[in-house]
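Student: give me the fold of what follows.
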Amino acid sequence: MKLPVVRTASTLDLLARPCALKPTPNPSRGGEQGGAPAPASWPVPLLGGARGGFCGKGTRTPHAENGSVLIIVIWVAFGLVSLALYFAHSMSFELRSSDNRVATIEAEQAIEGAARSVSNILAKTITQQQLPGTMPDPLGYRSEAVPVGDARFWLIGRDTNTWQNGPDRLTFGLVDEASKLNLNTATMDMLQALPNMTAELAANIVAWRQSTNDASVGGAQSETYLRLQPPYLCKNAPFETVDELRLVYGLNLELLYGEDSNLNGLLDPNETDGETLPPLDNRDSRLDPGLLEYVTVYSHEPTSRTNVNTRQQLEALLTSVFDSARASQIAGRVRAALGGEVGPVGGRPGTGDSGGGRGAAVSSFTSLLEFYMKSGMTAEEFSQIEASLTVTTNIQSLVNVNTASQAVLTSIPGIGTDKAPALVAYRQSNPSQANSIAWVLDVLDRDATRVGLAGPYITAHSYQFTADVAAVGHHGRGYRRVRFVFDTSDGTPRIVYRQDLTHLGWALGKQGRADLLVAKGIR
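Tutor: Numbers count the residues shown, from 1 in each chain. All right, here's what the predicted structure looks like:
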C-alpha cells in the first residue's frame, strides 16, 4: 500500500501564510479512515507576523499570559513589601527618637527638681543651724542617683582633700565657691602661685579687671587685643564669669581645662591615655586640672556684721553672747591689744594668747585670725561669734580654709607650700573644728608674721555654692547637665548663674554608666 505524502509547511510558507495554519490530521495514524484521531500539528512561533507574535491573529497563548501576570504580581508584591519595610523602619526610628526626646524632657525636669531641692537644702541649713555661712552636711541630703519619677540626677562635687590623687570614683555633693580664689580680688602673686600659671598670664588677668588701660602696670592692654582676629578691647572691669578668662590674652583651653576636659573632677579613660584621645595628658594617673578648677567670681560675704575695730559694736556683741564678767574680760584684752587701757587680766586654757600678755599693740586688727590671737578667747568662744564679725566695712572675697584645695591654700601669703599640706592634714584629722579658723593658729605655730600675712585672705564660712547637676531619663537615656550657682549671703538662697554643660559629654564616669546598666536590668 502506497502511503500518502504529507507535505510540511516550510518557513517561507509560514511567513507567507501566518494565519492559515490549522491543526491537520495525520493520515498515517488513520485520520478520517476510521483510525484513531491523529494529533494536531500546532502552530509554530514566528519571528514576525502581522502582530510580531504567534500565528493566528498575533495573540499569546493562555500559558504565556498566565506567566506574565505572575511576574507582574511578584514585582508589585515586592514593591509593596519594600514600602512596608521602609515605613516600618522609619517608624522604628521615629519611635526611638520620640522615646529619647521624652527621656531628655524627663532629665531636664529632674534638673529643675534638683535645683529646687538644693534651694530647700540651703534654706534648711540657714534656718536650722545657728551658725550662718555653714556648708551643708553632705550626709544630710541625697546627692547620688536621686530618683525623680523615671529620671535620676546626681550632684557632681569635689573632695578637695584627696581628689587630685587620681580618683576612680566621682565625689557627689555641693561645691563651695569660697574654696577658690576670686579673680576680682586675688593679687598677682596669688594668681601666679596657681598650677601652670606664669607671671605674664597673671599680669594679663589683673590687667583685664583693672579699671584703667595703663600699660605701665603690666599685662596685655587694649592695643594688644586690637591686633587679634577678630579685634576687641581689654575689658578694664571686673570679671563676671570664670569663662571670661577665654578672652584674656595668652589663656587657651589647655590652660583653662587642663586634663579635665569635661570638668567633672574625675580621671576619665581619655584623660590618661597620652595622645590617643583629647585632651593631651601625661599618663601619670593623676588629674591635672586647669585654671577653672581654682578660681571663681562669686564668693563674697554679708556686709552687715560687727566690726571688731569699733569698740561699741564689739562690746555690745560680747555682752549679748557671754556673761558680763567674761565679756568685760575679753573687751579689756581687745582694748589692750589696740594700744588702749589694759583690761582685766585673765585667759583660759586654749586661749589665743597667754593670760595677761597683750603682745605688741596694733592700731587696728587686719584679720579675724589676728583678733582671735589677741582677744584671749577660747576656740569654742570664738566660734560662737566668728560668723558675726568683720575687720572692715569693705568685705573682700575670702578663701574658706576648711574647704580649699592644697593648690589654692599654697597661693595664700603666709601659708605657701610649707604649710598648705599641714592645713589639709589637720582638717582631715579634726573635722569637728571646720566651723572656725581658730585651729589655723596652731598650724601656723602662732607665728605673728604668718598670721598677719594669711589672716586677711581666709575665712571659715561660705555663702555661695555650686550645684553641678547631671541627669538622665528612663533607661539611662536623655543625658543632660546644668551647673547652678546659689548665693545665700542675704539669708535666702537664690540662683545667680546657670550654665548648660551637656556639650562637655558624659560626666558620670565608667562606674556611673555601669550602675545605670545594672539598674536598667533590674527594672
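Student: measure residue 199 to residue 191 for me?
Tutor: Distance check for residue 199 against residue 191: by CB to CB, to the nearest Å, it reads 9 Å. C-beta: built from backbone N, CA, C; applies to glycine.
Student: between those two, who's got more neighbours?
Tutor: Shown here are residue 199 and residue 191; by other CB atoms under 10 Å, residue 191 has more neighbours (23 against 13).
Student: OK, contacts around the closest residue to the more buried one other than its chain neighbours?
Tutor: Nearest residue to residue 191, sequence neighbours excluded (CB to CB, 6 or more residues apart in numbering): residue 202, at 4.0 Å. For residue 202, the contacting residues are 188-189, 191-192, by CB atoms under 8 Å, 6 or more residues apart in numbering.
Student: let's go with 10 Å and repeat that
Tutor: Neighbour list for residue 202: 186-194, 218-219 [criterion: CB atoms under 10 Å, 6 or more residues apart in numbering].
Student: skip ahead from the strand or helix carrying it and say which helix or strand is next.
Tutor: For residue 202, the host element (DSSP states H and E) is helix 199-209. Counting by DSSP H and E, the next helix or strand C-terminal to helix 199-209 is helix 222-225.
Student: list the buried residues in that following helix.
Tutor: Buried positions in helix 222-225, judged by neighbour count with 16 or more other CB atoms under 10 Å: 222, 224-225.
Student: now, which of the contacts of residue 202 sits nearest residue 232?
Tutor: Closest approach between the contacts of residue 202 and residue 232, by CB to CB: residue 219, at 15.6 Å.
Student: for the spatially closest residue to that closest one that is not a sequence neighbour, what are its contacts?
Tutor: Nearest residue to residue 219, sequence neighbours excluded (CB to CB, 6+ apart): residue 207, at 2.7 Å. By CB under 10 Å, 6+ apart, residue 207 lies in contact with 188, 213-215, 217-222, 224, 234-236, 248-249.
Student: what element comes up after the worst-scoring helix or strand of the chain on mean pLDDT heading to the C-terminus?
Tutor: Within the chain, no helix or strand scores below helix 11-16, which has a mean of 48 by mean pLDDT, DSSP states H and E. Counting by DSSP H and E, the next helix or strand C-terminal to helix 11-16 is helix 62-128.
Student: which other helices and strands does that next one contact?
Tutor: Using 3 or more CB pairs under 10 Å, 6 or more residues apart in numbering; DSSP states H and E, the elements in contact with helix 62-128 are strand 146-148, strand 151-156, strand 464-472, strand 480-487, strand 494-500.
Student: including mean pLDDT, mean neighbour count and distance to residue 426, could those strands go into CSV?
Tutor: Output for those, formatted as CSV (pLDDT from 0 to 100; neighbours: other CB atoms under 10 Å; distance: least, CB to CB, whole Å):
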stretch, mean pLDDT, mean neighbour count, distance to residue 426
strand 146-148, 95, 16, 33
strand 151-156, 96, 26, 27
strand 464-472, 97, 26, 24
strand 480-487, 97, 21, 29
strand 494-500, 96, 13, 32
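Student: just send these back as a markdown table, with distance to residue 449 too.
Tutor: What follows is these, written out as a markdown table (distance: least, CB to CB, whole Å):
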| stretch | distance to residue 449 |
| --- | --- |
| strand 146-148 | 48 |
| strand 151-156 | 40 |
| strand 464-472 | 31 |
| strand 480-487 | 35 |
| strand 494-500 | 37 |
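Student: for the buried residues of helix 222-225, which one is nearest residue 498?
Tutor: Set against residue 498, the nearest of the buried residues of helix 222-225 by CB to CB is residue 225 (28.2 Å).
Student: ok, the closest one touching residue 248?
Tutor: Yes. The pair formed by residue 225 and residue 248 meets the contact definition of CB atoms under 10 Å, at 9.4 Å.
Student: identify the contacts common to the two.
Tutor: 208, 234-235.
Student: show me which of those residues are buried.
Tutor: Counted by 16+ other CB under 10 Å, these give 208, 234-235 as buried.
Student: wait, which of these is closest to residue 397?
Tutor: residue 208 (16.7 Å).
Student: now that closest one: how far from residue 193?
Tutor: Relative to residue 193, and taking CB to CB, residue 208 is found at 19 Å.
Student: with residue 283 instead?
Tutor: 26 Å.
Student: neighbour count: those two, which is higher?
Tutor: residue 193 (24 against 12).
Student: quick one: contacts for that one?
Tutor: Neighbours of residue 193 in contact, by CB under 10 Å, 6+ apart: 181, 186-187, 202, 294, 407-413, 415-417, 420.
Student: equivalent analysis for residue 474, please.
Tutor: 99, 102-103, 106-107, 149-152, 520, 523.
Student: filter these down to just the buried residues.
Tutor: Counted by 16+ other CB under 10 Å, those give 103, 106-107, 151-152 as buried.
Student: nearest to residue 477 among those residues?
Tutor: residue 103 (3.7 Å).
Student: which non-adjacent residue is nearest residue 174?
Tutor: Leaving aside its sequence neighbours, residue 174 sits nearest to residue 465 (CB to CB, 6+ apart; 4.6 Å).
Student: show me what contacts the one you found?
Tutor: Counted by CB under 10 Å, 6+ apart, residue 465 has contacts 118, 121-122, 125, 135-136, 173-178, 298, 484-488, 493.
Student: equivalent analysis for residue 398, please.
Tutor: 178, 182, 185, 299-301, 367-368, 412, 437, 455-462.
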